[in-house]
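[1] Below is the sequence, then the predicted model.
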Amino acid sequence: MHKTISLVLERIFRVIDIGRQDRFKFIRSTFYKGAKGAILVFDLSKPSTWENMKDWMNEIKTYGGNIPFLVIGNKLELLSKIVQVIDREACRSVVEDCGNLYIETESNESLKVFDAVAKLTQRILEKET
């Protein structure tokens with residue numbers, strides 16, 4: 001699945017959803033070629049998704065080089081209902097220590113996500129010039 005998003009008048013960004021399913025693993029690396037940035041989303045209410053996120057970040061570094069990326073911790077509203085909680089500050093540190101963006105959102109906070117994507121876009125444009 002892909003969507004095209006226009007964030008800057010002269011530029012068009014193509015967003016490609018390359019799911020985590022292992023059956024697509026062999027083709028995922030091809031999508032990183034020529035990528036200028038990446039957006040990764042994990043479920044704050046499921047610690048296993050953060051563990052998968054570390055693999056994704058390594059995959060991006062391996063195949064995408066030093067492209068900027070945004071990590072979104074989603075479903076913040078569910079944290080009060082679960083026992084096993086992710087160390088959210090550790091998540092933030094891991095992402096920001098390598099110079100990338102990190103936000104946490106509730107499932108319905110599209111404006112916050114849009115603002116974060118705009119920041120990622122700015123980093124991509126700065127890197128290109």
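    Arrived safely, thanks for sending.
[2] Any idea how many residues pack against Val85?
    11 (other CB atoms under 10 Å). Where C-beta positions appear, they are placed from N, C-alpha and C, glycine not excepted.
[3] Could you check how far it is from Leu78?
    Val85 is 10 Å from Leu78, where distance means CB to CB, to the nearest Å.
[4] Over to Thr129?
    Thr129 sits 40 Å away from Leu78, going by CB to CB.
[5] Could you name the residue of this structure that is farthest from its center?
    Each residue of the chain has a distance to the centre, and by CA atoms, centre = their mean the biggest one is for Val83: 25.1 Å.
[6] what secondary structure does that residue sit in?
    When classified by DSSP: H, G, I helix; E, B strand; the rest coil, Val83 comes out as coil.
[7] One more: Glu106?
    When classified by three-state DSSP, Glu106 comes out as coil.
[8] Next, count neighbours for it.
    13.
[9] Quick one: the helices in this structure, in order.
    For the chain, applying DSSP state H gives helices covering 25-32, 47-64, 88-97, 110-128.
[10] how about those, which one is nearest Gly19?
    Closest to Gly19 of these is helix 25-32 (CB to CB; 8.9 Å).
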